[in-house]
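*Asks:* Based on what follows, work out the 3D shape:
(one chain, ligands or ions: 1)
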Amino acid sequence: MNHPDEFAARHIGPDRAAQQAMLARLGVDSVEALLDETLPSAIRSDDSLALPAARSEAEVVAALRAMAAENRPRTSLIGMGYATTHTPPVIQRNVLENPAWYTAYTPYQPEISQGRLEALLNFQTVVSELTGLEVANASLLDEATAAAEAMTMARRLSKSPSARFVVHHDTHPQTIAVLGTRAEPVGIDLVVGGLDELSPEAGGCFGALFSLPTSTGAVVDWRQAIETVHQLGGLAVVATDLLACTLITPPGELGADIAIGSAQRFGVPLGFGGPHAAFLSAHTAAARALPGRLVGVSVDTEGRPALRLALQTREQHIRREKATSNICTAQVLLANMAGLYAAWHGPAGLRAIATRAAGAVNDLAGRLAAAGLTLRHDAAFDTITVDGVDADAVVAAARDRGIDLRRVDDTSVGISWGEATPDVRADVLAAFGLSAAVDPSPADLRPDWLPDGMKRTSEFLTQSVFHRLHTEHEMLRYLRRLADRDLALDRTMIPLGSCTMKLNATTEMMSITWPEFADLHPFAPDDESVGTRRLIAELEAWLAEITGYDAVSVQPNAGSQGEFAGLLAIRAYHRSRGDEQRTVCLIPSSAHGTNAASAVMAGFDVVVVATDPDGNVDVDDLDAKLAASGDCVAAVMITYPSTHGVFEEQITEICARVHDAGGQVYIDGANLNALVGLARPGRFGADVSHLNLHKTFCIPHGGGGPGVGPIGVRAHLAPFLPGDPLGGDDQPVGPVSAARFGSAGILNIPWAYIALMGPQGLRDATAAAILSANYVAARLADHFPVLYTGAKGRVGHECIIDLRAITKASGVTVDDVAKRLIDYGFHAPTMSFPVAGTLMIEPTESEPLAELDRFCDAMIAIRGEIDRVLDGDWAVADSPLRHAPHTAEDLLADEWTRPYRRSEAAYPLPSLRADKYFAPVSRIDGASGDRNLICTCDSLEALATLR
Ligand SMILES: *Cc1c(COP(=O)(O)O)cnc(C)c1O
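*Replies:* Just a heads-up that it's a prediction; the model follows:
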């Protein structure tokens, strides 16, 4: 028995005895022998990782407390797109801190995701209604990258031949910086300036971005400017603030084509920069060009309204280098929180919060003006800028009083108010050398200081969900009802290949909502974030040790963004050596779809390399493509172990050949769960990798985000890591996220995981993950063909079972198996990736043997049902497989005409009788939802009442 304090034994599902039983099943003597049969010796690096020894849960919590104590957040009036907010406790505890919400996977299986899909539909409705545009996506990564997505969307939709995209200069500097990073590789001419840049002589534009309110606080009527952009054939993007939109005329009503922004101030903590949900809304006509995911309404087989991700065929896996964007993991958990915040307060409550913030700033403005100070703008919402002062002196005086103001430039200071900003008006005035006793003259107090055309007159959020959840009982029960519709890790294993749905331990999660971590503004002075920055520095060093790289940046806030950042580093490196012609990026056909999409964003030409029949990179084809590309080879992107779950023997050889051709090797590290403690990509030949901390390092999936996608690089690429968002133009590479450390607020989770596991625990976890995958493969192999194995017949940390022959013989599809698993209480494995007609299973190290067996038993029982179809007992169209999942309503119908018994449908295994999950809807019609795109709650209510 392990020591009770030993966390690794709680994280790793199979204990020693279970592992022995699993090994016996495989006919292998020891875990070490299995590893020898699985990993090529050429990549092994078995010396123990130089990481601190494992600590107990109590010790880790104490260490986090100590770091929290080193953080000293002041009251932040910095603004710049980040506002103080009060997370309603009912949402904090029952969503943000509730595993039913945070351990869910992305809702690709809509039948078991109706709860979070409804929450996302609420979010889309909030964004659509507040911005005044008809469709909104289900979140993007941050405001700055949302602006970049809007820019490329405008380019796709505009008929203007111009390569110019104009950004009004009064836009958040971090947004301008990220736009710059994203524009240059794809040949967009980013122009930062005033309205004169829209004059016909200036050269036209395919789009322009204005801010409402602006970065320094102005509420500008952009109608005329938007009209000018339209005359140039461009699209107008407005970066806006959802709370401001409750009081001011929203972008859609001004004529904007696209609105973007951050929903952070709708109840999501600052977290030193993230994670927060960004949004993007547009006109219905542009729905098919929207980046990211979109929740839509469809119907199930019985005509019940049912939610699903719409237009899934646009996803990167299908479109690859033609994808609209590389966004995969987004910010679902935070989007859900923002939508629920709006439901909790309702339109009147939101307006009251907005009015209070505007009122405080208005009062300050009046007093400052009465004292003779100069305000930059006449009309504002929650932010003002004072000109003509000694900015350093004012900011320093404010700091002494525990307040952060924004230093706009040498002579200007910004003041921004949020929902949770305490009444520090007297201190703010004092920082300017004024006394609070100075009374503003009535002329200076402008209770009505929004210009007439800029006051919102239209109604918003009239849907019932924004009116019936204002008491805590109703909200609590709504949250429970939604969560109960879904299957998350708190109920069942989620055997998703490539996604590593492992344990998200409570101790890892606990500290993220502590105010010392949660209340830090990303642009606060360094003395406030000593603890968090220590945590980040340690995490970066530990990740460097684990991966064998020399430097790590945690800035990218998803794997896709890490890919982009890593490829930018490669591009900048080649350019720094005068190799501008190196623009070819070789990508195997089996790669994750984001790889190709990211390569295009980084300005590369994608050349596809074939995969051999064993699922490995076809080395002959690689040689041919390398030769054909000559000195244009920039990089190869390989996933290791491969997306087929196999450790390719030739990986070191592949790296060497690419290096010989002058290229760089990018290893997609999403499968690092198979390598930690056993092999290090930075040591076996790769130059750069992204890791997915929301896969290997225990950040929960959140129903589709947040994520963190740091990159590790070898020393020669270190100068080209992502730059500081406020670092100016002369950095070798610009920032890829709005905040320097991206989603800093959740880095505590991987820090805690590594601290708890220690070097031996991490290695044991990897070994257990490989053992579990091989055990599942072995148990299922008698019933389904296992598609790829390595040189010695072993799989890596995941396995692919091949249904193609079964489908051909029986008509039973991967969909049927996936949906039937729901009746057995399971989330489906990954469907048809990387090979169509197959299921990819990744059990992870965290699943106990009993759960692995429960899953294998379910799969084997399903195989038995397929045999009954093959035997002619059931026609496939009338089998429990095709009718799956079965709802309680279907099973309790007064009339039952199916050829199988109700109990066979509901309780195919005896164990299900005690704990039965009923899907709330039966199988959902995807095509119908895409044909009739409905993406806001309004329509859901209409549909529901029709029934
Ligand atoms: C998950 C995954 C990605 C993308 O990561 P996101 O965080 O979803 O953007 C890329 N490559 C592979 C192999 C993956 O499994």
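*Asks:* Which single residue in this structure comes nearest to the ligand?
*Replies:* Ranked by CB to the nearest ligand atom, the top residue of the chain for proximity to the ligand is residue 559, at 2.3 Å. Glycine gets a C-beta too; all of them are placed from N, C-alpha and C.
*Asks:* got a list of what the nearest residue to that residue once chain neighbours are set aside touches?
*Replies:* Counting by CB to CB, 6 or more residues apart in numbering, residue 709 is the residue found nearest to residue 559 once chain neighbours are left out, at 4.1 Å. With contacts defined as CB atoms under 8 Å, 6 or more residues apart in numbering, residue 709 is in contact with 329, 556-563, 565, 690-693.
*Asks:* wait, residue 596 sits on residue 564?
*Replies:* No: under the contact definition of CB atoms under 8 Å, residue 596 does not touch residue 564, with a separation of 12.0 Å.
*Asks:* okay, those two: which has more neighbours?
*Replies:* The residue with the greater number of neighbours, taking residue 596 and residue 564 and applying other CB atoms under 10 Å, is residue 564; the counts read 29 against 26.
*Asks:* excluding its backbone neighbours, what's nearest the more buried one?
*Replies:* Once flanking residues are discounted, residue 564 sits nearest to residue 598: 4.7 Å by CB to CB, 6+ apart.
*Asks:* For the one you found, pull up the helix or strand it's in.
*Replies:* According to DSSP states H and E, residue 598 maps onto helix 593-601.
*Asks:* Any part of that helix near the ligand?
*Replies:* Yes: contact check for helix 593-601 against the ligand, using CB under 6 Å from any ligand atom: residues in range are residue 594.
*Asks:* Report the mean confidence score over that helix.
*Replies:* Regarding helix 593-601, the rounded mean pLDDT is 95.
*Asks:* now stretch 451-467
*Replies:* Per-residue pLDDT over stretch 451-467 has a mean of 95.
*Asks:* Give the buried residues for it.
*Replies:* Taking 16 or more other CB atoms under 10 Å as the neighbour-count basis, stretch 451-467 is seen to contain the buried residues 454, 456, 460, 461, 463, 465, 466.
*Asks:* Look up phi and psi at residue 93.
*Replies:* Summarising the backbone geometry of residue 93 under the convention degrees, to the nearest 10, its torsions are phi -80, psi -40.
*Asks:* can you tell me which helix in the chain is longest?
*Replies:* helix 332-370 (DSSP state H).
*Asks:* List the buried residues of that one.
*Replies:* Within helix 332-370, the residues scored as buried using 16+ other CB under 10 Å are 332-347, 349-351, 353-354, 357-358, 360-370.
*Asks:* same deal with stretch 830-841?
*Replies:* Of the residues in stretch 830-841, those buried by neighbour count under the rule 16+ other CB under 10 Å are 830, 831, 832, 833, 834, 835, 837, 838, 839, 840, 841.
*Asks:* okay, which residue is most central for this protein?
*Replies:* Taking CA atoms, centre = their mean, the centroid of the chain lies closest to residue 330, which sits 2.7 Å from it.
*Asks:* ok, that one touching residue 145?
*Replies:* No: judged on CB under 8 Å, residue 330 makes no contact with residue 145 at a distance of 10.3 Å.
*Asks:* measure the closest residue to residue 168 other than its chain neighbours to residue 79 for me?
*Replies:* Excluding the flanking residues, the one nearest residue 168 by CB to CB, 6+ apart is residue 210, at 4.7 Å. Counting by CB to CB, to the nearest Å, the gap between residue 210 and residue 79 amounts to 17 Å.
*Asks:* Of those two, which one has the most company?
*Replies:* residue 79 (28 against 24).
*Asks:* Now do the same for that one: helix, strand or coil?
*Replies:* Remark: residue 79 carries the secondary structure label coil [criterion: DSSP: H, G, I helix; E, B strand; the rest coil].
*Asks:* repeat for residue 190
*Replies:* Once three-state DSSP is applied, residue 190 turns out strand.
*Asks:* Residue 341 - nearest residue in space that isn't next to it in sequence?
*Replies:* residue 267 (3.4 Å).
*Asks:* go on, residue 684?
*Replies:* What sits nearest to residue 684 in space, not counting adjacent residues and going by CB to CB, 6+ apart, is residue 43, at 4.3 Å.
*Asks:* Pull the number of nearby residues for the one you found.
*Replies:* Here the neighbour count serves as a burial measure; for residue 43 (other CB under 10 Å) it reads 22.
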